[in-house]
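1. Sequence plus predicted model, see below.
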Amino acid sequence: MKASKLKTQLPTLLAQTLVVGAILYVALQLFQNTQANLEARNIASGFGFLSVEGGLPINDTLLPYSPADTYGQAFVIGILNTLFVSALSIVLATILGVLVGVARVSTNWLVARLAAVYVEVLRNIPLLLTLFFCYSTLLAFLPAPRNSLNPFGDIFINNRGMFASRPEFQDGMGWVFLAVTGAALASILLIRKSKRMRDETGRGLPAGWLSLGLLAGLPTAAYFLAGQPLAFDVPALKGFNFKGGMVLKPEFSALLIGLVMYTAAFIGENVRSGIQSVDKGQLEAAKALGLKPGMVMRKVILPQTLRVCIPATTNDYTSLVKNSSLAVAIGYPDMVSIGGTIIGQNDQAIEIIGMWMAVYLTINLVLSMGMNWFNAKVQLVER
Amino acid sequence: MSSQTKTFTPSPSSPPPIAATGVILWLRTNLFSSWFNSALSILALLLLIKTIPPLISWALIHAVWLGGPEMCDGTTGACWAFIAAKARVMLIGTYPPELAWRPLTAAVLFAGVIAATVSGRCRKRILTGIWPLFFVIALWLVGGNAGLKEVDQSMWGGLMLSLGLAAVGILLSVPFGILLALGRQSRMVSISSICIGFIELVRGVPLITILFMASVMMPLFLPVNMQINNLLRVQVGIIFFSSAYIAEVVRGGLQAVPTGQIDAAKALGLSPWMVTSFVILPQALRYVLPSLIGRCIALFKDTSLVIIVGLLDFLGMAKAASQDQVWLGHEVEGYIFCAVVYWCICFGMSRYGRSIEKRGPKNNS
């Protein structure tokens, strides 16, 4: 008995030992080569460089930053930019993608065809090309700062970016934020209560209107009671460019537009296949109950669609985050772009590439965990 | 009595109301079935009227088709003469013009092999022989050596480079991906954990970081006086990246093979090796052929990223050409040309994938 067991297990054991041994051997060789190479090229190793002053100019930052800051701080600015553009793109791409997916199955022939053309064009062209195209058309068609477009108020659009007033908070703004939080909490409670009442008695409160009133009214009241603690930093034309205010650089806009349009095509296809997977009887039953087409879509079809399209959409979200690294090609300072500049200055490629991988893996892990939680929540509960 | 009999002659049936036939019916059911649909249709029509005529006038009516850069000054249309002037660079890069027949011949062969594959008339066994043979011949034609003048790899570029990177990438990452997928399913813990680690690590990071790794970090890993050129390093990076994704696709197929098949094969006394290669894999690959083609499309699109590590592929050449001092300001035309070519290739592949899907996994020739 024991001998036969050994006889069947021996080959697998041998194979495993061989594979592990080979990999360890290769790893050791690589390590030794790397050591020798680093020494031959005078490259310091380790993460000490992160606290060295970098002298990197970064033209688009979310936090205050100056070239006198360290490499580590520059890298953090890059991570924030990556997160910012990814988060914004995910939200916008989801909205556009759902619209495209619904349009794809529309009974309106023209709308369905337009959506199909949109999806087929965007899906079959490399994202990088779309980004280049967005960037050069943005730069080519927007006017110089002197002839800025001024659609309304203090918003100016030109080939240096989109400029808008920046709100500056003064003392007492805390009360307003407190009021916003309070109103939000109150509305959530109200909506829950209304739902419970509807479940029990068939009649709810007009929770939507009430919470809208709360959300608009409380902060406004707090704002005036606190003595209007808000000023604006208005952008103004000085020399060749605008100074002051907030600005969305064309690099950022091009990246955002490209990512959103590209990903929306994929999400649109997920939504379409999700909608088409909903049983036809569901649609007919909803219609027979007298629901209006909009209600059928919102209350019957889309909730069931969610179940089908969340896993595929999770994949699209993670590829969106990874695709945001294409920022480097059009000069938006994301993590990869800044890291690439650091590699150019001090040759510490191993550390930087390791940091990139760690950050992307973390972001994608968190994203998938969140989406899996959401997925588990919307799955059909079978009794 | 009989004279009293009246026969009933119905009046000829009136034609159907005009609103229930032909064009008007089609319009009513497809565009104006409700006020919401009507509003949407009108909006969409407005959008088309606003965009299509200016586009046609820019791209066709006012366009400049031939001539030098001076012809394009001051036109309101597209400058396709730019594309005509730069076509060679965009297709074969800085490859010596007098040797251009060599990549051209390879391209013709490529088209022939593809036609043989797509038509479905060739036997699979012949095809699996033709493809590697084609790669050897194409590499010899483009690269030279053995009777032909050698052309350095730094001169390879343009669409030729994109197609080459994608084709070699697919050819090598499919077997590598299959091995990884089998390794992931393996019951040997050390092997499966190594495969899972590799697949998840590669899938979790962007292609750009892998390309950076191939281009900047790989030289550090090699023995001190060993050099491989950038093109080969990038190709290795692409294969790594793509095989992790292909492994996941293949794993889906492996899981779809019914366990009864495996039990039956084992009962016949086949060795584990034979079960895998003659029973499981052929079925698994047939299940996932459409998604494999999807991965091929993605890989072809992804080759455009090599521009970031300094290789000038199709897109890179278009970008570089638009920075020519003589032809400044024609980026948009270059990108549109690129987009049309990429689109045709990718759309063609996706159509092929869809036709395979329709034929179904059961039908094998």
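-> Yep, it's here. All values reported here derive from a predicted model rather than from experimental measurement. Numbering: from 1, shown residues only, chains lettered A, B, ... in the order given.

2. where does the chain have low pLDDT?
-> Here I'm looking at chain A. Along chain A, segments meeting pLDDT under 70 span A:1-6, A:240, A:381-383.

3. try again with chain B
-> Low-confidence segments of chain B, defined by pLDDT under 70: B:1-3, B:18-19, B:360-365.

4. middle-most residue in it, spatially?
-> residue B:297 (3.0 Å; Cα atoms, centre = their mean).

5. That one contacts residue B:352, doesn't it?
-> No - counting by Cβ atoms under 8 Å, residue B:297 does not reach residue B:352; the two are 9.8 Å apart. All C-beta atoms are positioned from the backbone trio N, CA, C, and that covers glycine.

6. Just the buried positions in stretch A:37-53, please.
-> Under the neighbour-count criterion of 16 or more other Cβ atoms under 10 Å in any protein chain shown, stretch A:37-53 has A:37-38, A:49-50 buried.

7. Just the residues contacting that stretch, thanks.
-> Stretch A:37-53 is contacted from outside by A:68-72, A:75, A:342, A:346-348, A:350-351, B:219-222, B:224, using Cβ atoms under 8 Å, 6 or more residues apart in numbering or on different chains.

8. cool, stretch A:352-371 as well?
-> A:75, A:79, A:82-83, A:86, A:310, A:313-314, A:317-318, A:321-322, A:325, A:335-336, A:339-340, A:342-343, B:201, B:204-206, B:209, B:212-213, B:216-217.

9. I'd like to know which of those residues are buried.
-> A:75, A:79, A:82-83, A:86, A:310, A:313-314, A:317-318, A:321-322, A:325, A:335-336, A:339-340, A:342-343, B:204-206, B:209, B:212-213, B:216-217.

10. Run the contact check for the one helix or strand residue B:274 maps to versus chain A.
-> Assigned by DSSP states H and E, residue B:274 belongs to helix B:272-274. No - with Cβ under 8 Å from any Cβ of the partner chain as the criterion, chain A is not reached by helix B:272-274; the gap is at least 9.8 Å.

11. Show me what that helix is packed up against.
-> Applying 3 or more Cβ pairs under 8 Å, 6 or more residues apart in numbering or on different chains; DSSP states H and E, we find helix B:272-274 packed against no helix or strand.

12. does any bit of the helix or strand just after that helix sit next to chain A?
-> Per DSSP H and E, the first helix or strand lying C-terminal to helix B:272-274 is helix B:281-302. Yes - contact of helix B:281-302 with chain A (Cβ under 8 Å from any Cβ) involves B:297, B:301-302.

13. Arrange the residues you listed in JSON lines, one row each, with distance to residue B:196 as further columns.
-> Shown next, in JSON lines, are the residues of helix B:281-302 next to chain A (distance: Cβ to Cβ, whole Å):
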{"residue": "B:297", "distance to residue B:196": "26"}
{"residue": "B:301", "distance to residue B:196": "27"}
{"residue": "B:302", "distance to residue B:196": "23"}
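
14. out of these, who's nearest chain A?
-> Nearest to chain A, judged by Cβ to the nearest Cβ, of the residues of helix B:281-302 next to chain A is residue B:301 at 4.1 Å.

15. Isn't the closest one up against residue A:122?
-> No - applying Cβ under 8 Å as the test, residue B:301 and residue A:122 come out as separate, 11.2 Å apart.

16. what's near enough to touch residue A:158?
-> A:142-145, A:147-149, A:242.

17. can you check residue B:250 too?
-> Residue B:250 neighbours (Cβ under 8 Å, 6+ apart): B:177-178, B:181, B:284-285, B:288, B:292.

18. try it again with 6 Å
-> B:177-178, B:181 (Cβ atoms under 6 Å, 6 or more residues apart in numbering or on different chains).

19. List the contacts of the helix or strand hosting residue A:295.
-> Using DSSP H and E, the element containing residue A:295 is helix A:293-295. By Cβ under 6 Å, 6+ apart, no residue outside helix A:293-295 reaches it.

20. next SSE after it?
-> In the C-terminal direction, the helix or strand that comes right after helix A:293-295 (DSSP H and E) is helix A:302-323.

21. which strands and helices sit next to that next one?
-> helix A:71-104, helix A:250-277, helix A:349-378 (3 or more Cβ pairs under 6 Å, 6 or more residues apart in numbering or on different chains; DSSP states H and E).

22. Residue B:64 is nearest to which of those?
-> Proximity to residue B:64 (Cβ to Cβ) singles out helix A:250-277 among those, at 27.2 Å.

23. Now that closest one: buried residues?
-> Across helix A:250-277, burial judged by 16+ other Cβ under 10 Å covers A:250-275.

24. which bits of chain B sit near chain A?
-> B:30-31, B:37, B:40-41, B:44, B:188, B:190-191, B:204-206, B:208-209, B:212-213, B:216-217, B:220-224, B:301, B:304, B:308, B:315, B:331, B:335, B:338-339, B:342-343, B:346-347 (Cβ under 6 Å from any Cβ of the partner chain).

25. Now do the helices in the stretch 1-150 of chain A.
-> For the stretch 1-150 of chain A, the helices defined by DSSP state H, counting those that start in this stretch cover A:2-40, A:71-104, A:109-123, A:127-141.

26. Then residue A:168 would be within a helix, right?
-> No - using DSSP: H, G, I helix; E, B strand; the rest coil, the secondary structure at residue A:168 is strand, not a helix.

27. tell me the contacts of it?
-> A:231, A:233.

28. With chain B as the reference, measure out to it.
-> Note on residue A:168: its distance to chain B, by Cβ to the nearest Cβ, to the nearest Å, is 37 Å.

29. repeat for residue A:120
-> Distance check for residue A:120 against chain B: by Cβ to the nearest Cβ, it reads 7 Å.

30. picking that back up, pretty sure the residue nearest to the centre of chain B contacts residue B:349?
-> Yes - shown here, residue B:297 and residue B:349 form a contact pair, counting by Cβ atoms under 6 Å, at 4.9 Å.

31. thinking again about what came up before, need the buried ones from the residues of chain B next to chain A selected in PyMOL.
-> Filtering the residues of chain B next to chain A down to the buried ones (16+ other Cβ under 10 Å) takes a single PyMOL command:
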select buried, chain B and resi 30+31+37+40+41+44+190+191+204+205+206+208+209+212+213+216+217+220+221+222+301+304+308+315+331+335+338+339+342+343+346+347
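
32. and the closest residue to chain B within the stretch 151-300 of chain A, how many residues sit next to it?
-> Using Cβ to the nearest Cβ, the single residue of the stretch 151-300 of chain A nearest to chain B is residue A:293, 7.5 Å away. Residues lying near residue A:293 (other Cβ atoms under 10 Å in any protein chain shown) number 15.

33. which residues sit against stretch B:189-206?
-> A:16, A:19-20, A:322, A:325, A:357, A:360-361, A:364, B:180, B:183-184, B:186, B:241, B:244, B:247.

34. hey, C-alpha coordinates of it in PDB?
-> What follows is stretch B:189-206, C-alpha atoms only, in PDB (Å, rounded to 0.1, in the frame of the first residue of the first chain):
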ATOM      1  CA  VAL B 189       0.900  23.000  -5.500                       C
ATOM      2  CA  SER B 190       4.200  24.500  -6.300                       C
ATOM      3  CA  ILE B 191       3.500  24.700 -10.000                       C
ATOM      4  CA  SER B 192       0.000  25.900  -9.700                       C
ATOM      5  CA  SER B 193       1.000  28.700  -7.200                       C
ATOM      6  CA  ILE B 194       3.800  29.800  -9.500                       C
ATOM      7  CA  CYS B 195       1.400  30.000 -12.500                       C
ATOM      8  CA  ILE B 196      -1.300  31.800 -10.500                       C
ATOM      9  CA  GLY B 197       1.300  34.300  -9.200                       C
ATOM     10  CA  PHE B 198       2.600  35.000 -12.700                       C
ATOM     11  CA  ILE B 199      -0.900  35.400 -14.200                       C
ATOM     12  CA  GLU B 200      -2.300  37.600 -11.500                       C
ATOM     13  CA  LEU B 201       0.800  39.800 -11.300                       C
ATOM     14  CA  VAL B 202       0.900  40.400 -15.000                       C
ATOM     15  CA  ARG B 203      -2.900  40.900 -15.300                       C
ATOM     16  CA  GLY B 204      -2.800  43.400 -12.500                       C
ATOM     17  CA  VAL B 205      -0.500  45.900 -14.000                       C
ATOM     18  CA  PRO B 206      -0.700  48.000 -17.200                       C
END
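
35. Understood, closing this out.
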